[in-house]
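In: Show me the folded form of this:
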Amino acid sequence: MPGELLQVDVGDLTFDVRADGPDDGRPVVLLHGFPQTSLSWAAVTPRLAEAGLRTYAVDQLGYSPGARPAEVEAYALPNLAQVTADLMTAMEVPVADVVGHDWGANAAWALAAWHPDRVRSLTAVSVPHPTAFTEAYRTDPEQKERSGYIRLFWQEGKAEEVLLADGARRLRRMLGDAVPAEAADQYVAVLSAPGALTAALNWYRAMSTGTPVDPVAVPTTYVWSDGDVAIGRAAAEGCGRCVTGDFRFVALPGVSHWIPEEAPDALAAAVLDRIASA
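Out: Numbers count the residues shown, from 1 in each chain. Sure, this is the predicted structure:
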């Protein structure tokens, strides 16, 4: 992945951040999900940099070796949003266009809801607004079935053992063919470090400790793919009810959950379109 690797201190935490694009470009903060790292944006950031944007792809809390708190509560959404805002401040980025995928989308939704002064525009990828997801989980049997894997992730110790067994076979199977093998190898290497997978799974284990996320007023695009095994149509189509500002819903046919790696051109186009209109 081109660009430069930064280390950014936020209190006693140190985050690894991959920066690309011109130094004076409009800033874009990219937040990855589970079980990936900032490398998941490798095919997207060159397209944004070519458009003159300055991208900051973060190795998020628990994924950066220097930012791996042990307490489950540290991974609750209010803290994730605050940590992201503090990281932006440390990078001297007072406001940015924010793009988040999977759990990174959840963090981005929370940032836009609770720190709207820091978010010029939001592009959420795969995972809808937390309220839309919760409503679908409670009312749509299909979404509840799709989310069944989360029950394993809540089981401390067992989940780590299952996911890392046999050379992390299950982690690799989650990623499927959409993610390049060399990228999957790097994700597995990161999560195989002591405490790393537990930290990543703590994002799931802190789900019940957060507060409801407010509706989002910033200009927002939600990108969903109909081949996503984790997020069904009910949750995706409910997303618009949780945005009070300008909202666009982009549906990508025949694409899996791993949109940044499988459909980087379409995603970059959606991000650029959102940024241009914000």
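
In: Could you use CA atoms for every contact and neighbour count after this?
Out: Noted.

In: Strands of the protein, residue ranges please.
Out: For the chain, strands defined by DSSP state E occupy the ranges 4-10, 13-20, 26-31, 53-58, 96-101, 119-125, 220-225, 247-252.

In: Dump those strands into TSV; add mean neighbour count and mean pLDDT as well.
Out: Output for the strands of the chain, formatted as TSV (neighbours: other Cα atoms under 10 Å; pLDDT from 0 to 100):
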stretch	mean neighbour count	mean pLDDT
strand 4-10	16	97
strand 13-20	22	98
strand 26-31	25	98
strand 53-58	26	98
strand 96-101	26	98
strand 119-125	26	98
strand 220-225	26	98
strand 247-252	17	98
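
In: Dump these to TSV, plus distance to P264.
Out: As requested, the strands of the chain are arranged in TSV below (distance: least, Cα to Cα, whole Å):
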stretch	distance to P264
strand 4-10	20
strand 13-20	16
strand 26-31	13
strand 53-58	15
strand 96-101	12
strand 119-125	12
strand 220-225	12
strand 247-252	11
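
In: Show me where the stretch 101-250 of the chain has its helices.
Out: Taking DSSP state H, counting those that start in this stretch as the criterion, the stretch 101-250 of the chain carries its helices at 103-114, 130-139, 141-146, 149-153, 158-175, 181-191, 196-205, 233-237.

In: what's the first one packed up against?
Out: So that's helix 103-114. If you count contacts as 3 or more Cα pairs under 8 Å, 6 or more residues apart in numbering; DSSP states H and E, helix 103-114 packs onto strand 26-31, helix 77-90, strand 96-101, strand 119-125.

In: tell me the angle that helix makes with strand 220-225.
Out: For helix 103-114 against strand 220-225, the angle between stretch directions is 160 degrees (axes from the mean of the first three to the mean of the last three Cα atoms, to 10 degrees).

In: buried sites along helix 103-114?
Out: By neighbour count with 16 or more other Cα atoms under 10 Å, helix 103-114 contains the buried residues 103-114.

In: coming back round to it: how about the strands of the chain, which one is nearest P65?
Out: With distances scored as Cα to Cα, the stretch of the strands of the chain nearest to P65 is strand 13-20 (7.8 Å).

In: if we look at that closest one, which residues are touching it?
Out: By Cα atoms under 8 Å, 6 or more residues apart in numbering, the residues outside strand 13-20 that reach it are 2-9, 38, 45-46, 49, 54-61, 64-68.

In: List the strands paired with that strand, with their directions.
Out: Using DSSP bridges, the strands paired with strand 13-20 are strand 4-10 (antiparallel), strand 53-58 (antiparallel).

In: would you list those strands in CSV and tack on distance to C239?
Out: Output for the strands paired with strand 13-20, formatted as CSV (distance: least, Cα to Cα, whole Å):
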stretch, distance to C239
strand 4-10, 32
strand 53-58, 25
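
In: Out of those strands, flag the one nearest G240.
Out: Set against G240 and scored by Cα to Cα, the strands paired with strand 13-20 come closest in strand 53-58, at 26.0 Å.

In: That's all I had, so thanks and see you.
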